[in-house]
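*Asks:* Predicted coordinates and the sequence they were generated for:
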Amino acid sequence: MTLAWRNVWRNKLRSGIMIAAMIFGLLGALLMVGFVQAMTENMVDNAIRYQTAHLQIHNHKFLLNEELSAWIPEAENLAASIRQQSGVEAVTARQVVDGMLASAASSRGVRINGIRPQDEIRVTDLQQSLVAGKMLTETGRNPILVSRRNADKLNLRLGSKVVLTFTNIDGDVTGAAFRIVGLFKTPASAFDDSNIFVRRSDLARFSGLDQAHEIAIRIADDQQLTELQEKITTLVEEQGVVQNWGEVQPVLAAMTGSMDIANAIVAGVFIAALGFGIINIMMMSVFERTREFGVLMAIGMTHARVLLLIIMESVLLGAVGGLLGLAAGRLMLAITDQFGLPFGAVAEGLGAYGVDAVLYPSVKGSFYLLMFGMVLFTSLVAALYPARQILKKRPSEALAERH
Amino acid sequence: MSIQLKHLTRIYNRETTFPVVAVDDVDLNIEQGEFVAVMGPSGSGKTTLLNMVGGIDRPDNGQVVIDRTDMTALTDKELIAFRRDNIGFIFQDFSLLPVLTAKENVEFVMQLQGRSQSDCETRARELLQEVGLGDQLNIVPGKLSGGQQQRIAVARALAPKPKFILADEPTANLDAQTTRDLLDIMQRLNEKEGVTFIFSTHDPRVIERARRVIVFEDGQVREDRTT
Ligand SMILES: Nc1ncnc2c1ncn2[C@@H]1O[C@H](COP(=O)(O)OP(=O)(O)OP(=O)(O)O)[C@@H](O)[C@H]1O
Ligand SMILES: [Mg+2]
């Protein structure tokens, strides 16, 4: 053990270079993984906060075709009983209809969300996303919330009048004027482009329907998601389909999945590079000491002990580099956790998916362990080839070699 | 203790068109307490012979029998254990482990035998004292002279209490004075403690001290004289 440890430091420069390479490699891998993880979590978090909440219930017909007639039967009673469930934080029932938002300048297709403001603010962060004006209130005539993006595109300001057109329950096209009381901006530009919010009572008046199409549920603990989904599904029975955020936004869920794969690839590439690096180092270090191993075998060191010695040298080198690299990565992540990682230009591009402009990379504790384990394992495997080459030789052959 | 070589033969590159018969059908007996020098021109096969006597190479024909053990019949594993417990090696270039101190180098071989640390330590101190390095116990070989390193090697070779010690040109890298000192030490060990030494050498100063000189040529014994 001591022998192996001292042997590692025989060629300080070489071991040092290898360790430095591992430190930078691990640092890069950790930052990369932390960044990807932060981005994914941020995206999911934002989607849950501003858009989907944790769970949604729809009429199964609504999922196929978002028609006004595909409402959830007795949505209010259902929402009330879901609210009773432990673990459920807040529930809201919305009326949803597709329509057109028109200003004097131009018009856009949007999803009109008829909400109960008092319920809504407890389920989503709509209120927090307001950048101008105020939340919908029960008083006032036909108030509406429009995104800042749409306001800019349609040349609208607070107080501007807009016209919403959509098909009512009787199949007739109907329109109504609303006044902008607030502008919102969520991290997801695609969401902002296609959603507007009005009072459900107003919408019901124009659509001729006093029913809800969507129940959104916020839960207290992410860990309970599947459990609560199952529980609520039994509660809902035939009335509707309970979906979690991933099912509501399959693209996002798929992206989360592919991020995991991306992380695995980053880790894999690092480990492969590390493996070749260590094999290279160990080959140099072992082969240049061929004669020394000849001496060790001559004076009675068994093959098993020689193998162990070489493996220990390799694993010790890997352990030192791995620990330092992970420590450096941890430190780096601690720093970025303090100050965040400005994400500026890229955020614009990814804005459609809802990523904040400043990210806080983080890596799970288990990932450190996994990386460390893989580093040790790779070091061990990397020692096998040179060890085998040495042990194939008779001691006399090994002794005859000169360097 | 006795070493018997019977029809000992080693042919390098046997499968090729230019086989080299390095040791050619050698018969020899060496007894307990001998101080033997194997001399001969370069390429005569001295190293090859010593390698087979030491069990670090295997003959193509013949046997090496030490006491009642036929080394050629041992498995690789048995052979390693046999070498560890019965044969001491001294090399031309000292071949100490550079990362271990003088004392640790001597202890190391005894640790391989599985002896207790306190045992190893006591004996390592004694042996290094014996070869005149009692003050250099904790110094690494690289900081010592060639003569001092070779004396550590002698202590290391003696440490496992081997039946005999093989030394392939032990003085080739040493100057006249250190050669003399080393030979004094080995001679004293031989005479006082009855340690059997077998050398190969070109060095007349070594041959001078030897009590038995085996002249080797073309893989065969040309002359075997005892003074
Ligand atoms: N591994 C080997 N492969 C092929 N031939 C070898 C090998 N080792 C030694 N020989 C040959 O065997 C013969 C004997 O070599 P050996 O090294 O035993 O001689 P030596 O007497 O020890 O020589 P020196 O005094 O130079 O050390 C020489 O002709 C040498 O070239
Ligand atoms: Mg030789």
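*Replies:* Nice, thanks for sending it over. Ligands and ions are numbered 1, 2, ... in the order given.

*Asks:* doesn't residue A:389 fall inside a helix?
*Replies:* Yes - using DSSP: H, G, I helix; E, B strand; the rest coil, the secondary structure at residue A:389 is a helix.

*Asks:* Can you get me a residue count around residue B:142?
*Replies:* Using other Cβ atoms under 10 Å in any protein chain shown, residue B:142 has 9 other residues around it. Quick note: C-beta positions are derived from backbone N, CA and C, even for glycine.

*Asks:* So which residues make contact with stretch B:3-19?
*Replies:* Identification of contacts with stretch B:3-19 by Cβ atoms under 8 Å, 6 or more residues apart in numbering or on different chains yields B:20-31, B:45, B:48-49, B:52-53, B:57, B:59-66, B:164, B:219.

*Asks:* let's see it at 6 Å
*Replies:* Under the criterion Cβ atoms under 6 Å, 6 or more residues apart in numbering or on different chains, residues B:20-23, B:25-30, B:48, B:59-66 lie in contact with stretch B:3-19.

*Asks:* mind listing what's buried in that stretch?
*Replies:* Judged by neighbour count using 16 or more other Cβ atoms under 10 Å in any protein chain shown, the buried positions of stretch B:3-19 are B:3-6, B:8-11.

*Asks:* follow-up on the earlier one: keep the contacts of stretch B:3-19, but drop any that are not near ligand 1.
*Replies:* Applying Cβ under 6 Å from any ligand atom, the subset of those adjacent to ligand 1 comprises B:20, B:22, B:48.

*Asks:* Of those residues - the most surrounded one?
*Replies:* If you rank those by neighbour count (other Cβ under 10 Å), residue B:48 sits at the top with 25 neighbours.

*Asks:* Quick check, it in contact with residue B:23.
*Replies:* Yes - assessed by Cβ atoms under 6 Å, residue B:48 is found in contact with residue B:23 at 5.1 Å.

*Asks:* quick revisit: what is the nearest of the ones next to ligand 1 among the contacts of stretch B:3-19 to chain A?
*Replies:* Chain A lies nearest to residue B:48 out of these, by Cβ to the nearest Cβ, at 8.1 Å.

*Asks:* which SS class is the closest residue to the closest one other than its chain neighbours?
*Replies:* Nearest residue to residue B:48 in three dimensions, chain neighbours excluded: residue B:22, at 4.1 Å (Cβ to Cβ, 6 or more residues apart in numbering or on different chains). The three-state assignment at residue B:22 reads strand, by three-state DSSP.

*Asks:* Let me see the contact set for residue B:22.
*Replies:* By Cβ under 6 Å, 6+ apart, residue B:22 lies in contact with B:10, B:12, B:45, B:48, B:219.

*Asks:* Checking the most centrally placed residue in chain B next. Helix, strand or coil?
*Replies:* The centroid of chain B falls nearest to residue B:166 when counting by Cα atoms, centre = their mean (1.5 Å). Recorded secondary structure, residue B:166: strand (three-state DSSP).

*Asks:* Name the nearest residue to residue 63, sequence neighbours excluded.
*Replies:* No chain specified, so I'll use chain A. Once flanking residues are discounted, residue A:63 sits nearest to residue A:241: 6.2 Å by Cβ to Cβ, 6+ apart.

*Asks:* if you could check chain B rather than the one you did, that'd help
*Replies:* In space, and not counting its chain neighbours, residue B:63 is closest to residue B:6: 4.6 Å by Cβ to Cβ, 6+ apart.

*Asks:* Helix, strand, or coil at the one you found?
*Replies:* Classification of residue B:6 using three-state DSSP returns strand.

*Asks:* swap in the one 10 residues further on?
*Replies:* Secondary structure state of residue B:16, per three-state DSSP, is coil.

*Asks:* gap between residue B:190 and chain A?
*Replies:* 21 Å (Cβ to the nearest Cβ, to the nearest Å).

*Asks:* give me the low-pLDDT residue ranges for chain A?
*Replies:* Counting by pLDDT under 70, the low-confidence segments of chain A come to A:1, A:343-354, A:357, A:403.

*Asks:* counting residues per strand, which one in it is longest?
*Replies:* In chain A, assigned by DSSP state E, the strand with the most residues is strand A:88-102.

*Asks:* With only the CA atoms kept, save it in PDB.
*Replies:* This file holds the C-alpha atoms of strand A:88-102, laid out as PDB (Å, rounded to 0.1, in the frame of the first residue of the first chain):
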ATOM      1  CA  VAL A  88     -53.300  18.900  -2.600                       C
ATOM      2  CA  GLU A  89     -52.500  22.600  -2.200                       C
ATOM      3  CA  ALA A  90     -54.900  24.300  -4.500                       C
ATOM      4  CA  VAL A  91     -57.300  23.500  -7.300                       C
ATOM      5  CA  THR A  92     -58.900  25.700 -10.000                       C
ATOM      6  CA  ALA A  93     -61.500  25.000 -12.700                       C
ATOM      7  CA  ARG A  94     -61.200  26.900 -15.900                       C
ATOM      8  CA  GLN A  95     -63.300  27.300 -19.000                       C
ATOM      9  CA  VAL A  96     -61.200  27.200 -22.100                       C
ATOM     10  CA  VAL A  97     -62.000  28.100 -25.600                       C
ATOM     11  CA  ASP A  98     -59.900  28.800 -28.700                       C
ATOM     12  CA  GLY A  99     -60.500  32.200 -30.300                       C
ATOM     13  CA  MET A 100     -59.000  35.400 -31.800                       C
ATOM     14  CA  LEU A 101     -57.500  38.300 -30.000                       C
ATOM     15  CA  ALA A 102     -57.900  41.400 -32.200                       C
END
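
*Asks:* wait, does the least confident helix or strand in chain B by mean pLDDT contact ligand 1?
*Replies:* Within chain B, no helix or strand scores below helix B:204-209, which has a mean of 90 by mean pLDDT, DSSP states H and E. No - under the criterion of Cβ under 6 Å from any ligand atom, ligand 1 is not reached by helix B:204-209; the shortest gap measures 13.1 Å.
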